[in-house]
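Student: Quick one, structure for this:
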Amino acid sequence: MASHRKSRPAGTLGAGFRTPVLATAALTSVAVLSQTADAAPAADGKPSLEEVEKKVDDLYRQAESATEKYNAAKEQTGKQRTHIDSLRDEVARRTARMNKAREELGTFAAAQYRTGAASSDTATFLLADSPQDYFDQSQLMNRLTSRQKSAVDDYVTEQAATMKKRQEAAKSLQTLSESQNELQTAKTTVQKKLASARELLSQLTAEEKARLAAIERQKQEEAARKAAELAKQQAAAAKAKEEAQAQASGSSTSSGSSTSGGSSSSGGSTSSGGSSTSSGTYATKAEKAIAFARAQIGKPYVWGATGPGSYDCSGLTQAAWKAAGVSLPRTTYDQVNAGTTVSLANAQPGDLIFFYDDISHVGIYIGNGMMIHAPKPGAYVREESIYYGGESIIHSFVRPA
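Tutor: I've put the predicted structure just below:
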């Protein structure tokens, strides 16, 4: 899967966020763990709350990464099945043509036997499994009529093509078998990670779960504060840009009035209009994608799911942009390459937000430091601050259209 992954752009911060939380609020992220890592283990040897929390969070992270590998293997398996079906159809068609050509050779041989016009070598040549090999040995082609030569050529051509397709199909079947093994391995990995996480959580007391819920609320408040701060910064930047454009436009108009370059002024207006149209087109598509994603809020995260009743993270982003008429690849590893990378400062609603160095999570940015995503097993599609998991996990923004 490494070939599909995209390294973090130098100096570019993508508005991404991965939400490692349980629907029961029984889980918190590594960001919080860094604040509580000094907690001592329990005297009875039982892992501390912080240790359990970190372990569970790691398991969910590993499960989500395995889910994307599962999605990739599943997609590849589907493509290979389609290719093999196509090869089988082609082999069947070529075999039929080869058999027809062979029947024609048999007809010639039978006719020559009946009339006594053919030598035993000629008949053997016409009925050989590989007429070309026999010809190379016996040099009998000069004894055949032009029609017979054409029939031999057709047969040899179809035989070679059919053999090639059969070999290709056999190789594709082997590749399919390997992909199926990868698919099963990824599936088993996901299931084991989730089972381990559930086992750890089941051992928590009610008091411990309440403590985790309190930490989670603090984390959400801090993330919301950072999102609001980002929203203010973006609003200020947008206002400054508008004022600068207005000032530049006024200067241009004044300059144009004092010269005779009216046509030049008209050309500048056309260029600006084209840029505005392009931006407006993206905004329209983004609105449709966001509207679709918003309509899925409350639906459960299910690994490997693409809707309509449940989604994983990349399944949601793929479905949302499909609703806007834009086709995205299935996995996060491929979606990160399906557009133009932009900085946090230039992020627009509708942009895809990727997280972690292994690009194992994605959401849809909706502006003001917020996004909609399918967080993780046990959680539901929701709107959330892009800083929920901490700023360090943000990988990049990608504009898909």
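Student: where does the chain have low pLDDT?
Tutor: Along the chain, segments meeting pLDDT under 70 span 1-45, 105, 108-109, 111-149, 151-152, 252-279.
Student: which residues in it form helices?
Tutor: Counting by DSSP state H, the chain has helices at residues 30-36, 49-115, 120-127, 131-138, 146-202, 206-257, 262-295, 313-323, 332-335.
Student: Which of those sits closest to residue 357?
Tutor: Taking Cβ to Cβ, helix 49-115 is the member of the helices of the chain nearest to residue 357, at 10.7 Å. C-betas here are computed from N, CA, C, even on glycine.
Student: Could you check how many residues crowd around the closest residue to residue 373 other than its chain neighbours?
Tutor: Spatially, and ignoring its direct neighbours in sequence, residue 373 is nearest to residue 363 (3.1 Å; Cβ to Cβ, 6 or more residues apart in numbering). The number of residues packed near residue 363 is 32, by other Cβ atoms under 10 Å.
Student: Enumerate every residue touching residue 363.
Tutor: Counting by Cβ atoms under 8 Å, 6 or more residues apart in numbering, residue 363 touches 16-17, 313, 317, 352-353, 355, 371-373, 386.
Student: ok, what's across the strand from it?
Tutor: Counting by DSSP bridges, residue 363 forms beta bridges with residue 353.
Student: Please determine how far it is located from residue 384.
Tutor: Relative to residue 384, residue 363 is positioned 8 Å away (Cβ to Cβ, to the nearest Å).
Student: hmm, back to that, format the helices of the chain as CSV; extra columns: mean neighbour count.
Tutor: Compiled in CSV, the helices of the chain are given as follows (neighbours: other Cβ atoms under 10 Å):
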stretch, mean neighbour count
helix 30-36, 17
helix 49-115, 18
helix 120-127, 17
helix 131-138, 15
helix 146-202, 16
helix 206-257, 14
helix 262-295, 14
helix 313-323, 25
helix 332-335, 25
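Student: closest one to residue 377 among those?
Tutor: helix 146-202 (5.6 Å).
Student: ok and that closest one relative to helix 49-115, angle-wise?
Tutor: With axes from the mean of the first three to the mean of the last three Cα atoms, to 10 degrees defining the directions, helix 146-202 sits at 160 degrees from helix 49-115.
Student: any idea how far helix 146-202 is from the chain center?
Tutor: Mean C-alpha position of helix 146-202 versus that of the full chain (Cα atoms, centre = their mean, to the nearest Å) differs by 21 Å.
Student: Mind giving me the packing neighbours of that helix?
Tutor: Packing partners of helix 146-202 (3 or more Cβ pairs under 8 Å, 6 or more residues apart in numbering; DSSP states H and E): helix 49-115, helix 131-138.
Student: can you state the direction angle for that helix and helix 206-257?
Tutor: Using the same axes, to 10 degrees: helix 146-202 against helix 206-257 is 120 degrees.
Student: what about residue 343, distance to residue 321?
Tutor: Taken as Cβ to Cβ, the span from residue 343 to residue 321 is 21 Å.
Student: Same question for residue 302.
Tutor: Computed as Cβ to Cβ, the residue 302 to residue 321 distance reads 20 Å.
Student: before we move on, what about residue 349?
Tutor: 13 Å.
Student: got it, and residue 280?
Tutor: In this view, residue 280 and residue 321 are 17 Å apart by Cβ to Cβ.
Student: Ok, residue 69 next?
Tutor: Per Cβ to Cβ, residue 69 is found 22 Å from residue 321.
Student: Then residue 86?
Tutor: 28 Å.
Student: repeat for residue 298
Tutor: Applying Cβ to Cβ to residue 298 and residue 321 gives a distance of 20 Å.
Student: Would you mark the buried spots in stretch 392-401?
Tutor: Within stretch 392-401, the residues that count as buried by 16 or more other Cβ atoms under 10 Å are 393-401.
Student: what distance separates the start and the end of it?
Tutor: This stretch, stretch 392-401, spans 27 Å end to end (Cα to Cα, to the nearest Å).
Student: how distant is that stretch from the center of its chain?
Tutor: 14 Å.
Student: do stretch 233-251 as well
Tutor: In terms of Cα atoms, centre = their mean, the centre of stretch 233-251 is found 37 Å from the chain centre.
Student: Repeat that for stretch 331-348.
Tutor: With Cα atoms, centre = their mean as the basis, the mean position of stretch 331-348 lies at 12 Å from the chain mean.
Student: what does stretch 216-225 give?
Tutor: Worked out by Cα atoms, centre = their mean, stretch 216-225 lies 30 Å from the chain centre.
Student: do the same with stretch 329-338
Tutor: The answer for stretch 329-338 is 3 Å, by Cα atoms, centre = their mean.
Student: How about stretch 228-236?
Tutor: Between the centre of stretch 228-236 and the centre of its chain there are 31 Å (Cα atoms, centre = their mean).
Student: Give me the contact list for that stretch.
Tutor: Outside stretch 228-236, the residues that touch it by Cβ under 8 Å, 6+ apart are 344-345, 367-369, 386-387.
Student: try stretch 170-181
Tutor: In contact with stretch 170-181 (Cβ under 8 Å, 6+ apart) are residues 73, 76-77, 80-81, 83-84, 87.
Student: could you dump those residues to JSON lines with distance to residue 187?
Tutor: Putting the contacts of stretch 170-181 into JSON lines (distance: Cβ to Cβ, whole Å) gives the following:
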{"residue": "73", "distance to residue 187": "9"}
{"residue": "76", "distance to residue 187": "14"}
{"residue": "77", "distance to residue 187": "12"}
{"residue": "80", "distance to residue 187": "17"}
{"residue": "81", "distance to residue 187": "17"}
{"residue": "83", "distance to residue 187": "22"}
{"residue": "84", "distance to residue 187": "21"}
{"residue": "87", "distance to residue 187": "27"}
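Student: Can you tell me how far the spatially most central residue of the chain is from residue 398?
Tutor: Nearest to the mean C-alpha position of the chain, by Cα atoms, centre = their mean, lies residue 331 at 2.3 Å. Computed as Cβ to Cβ, the residue 331 to residue 398 distance reads 13 Å.
Student: repeat for residue 66
Tutor: 23 Å.
Student: now swap in residue 157 and tell me
Tutor: Counting by Cβ to Cβ, the gap between residue 157 and residue 398 amounts to 49 Å.
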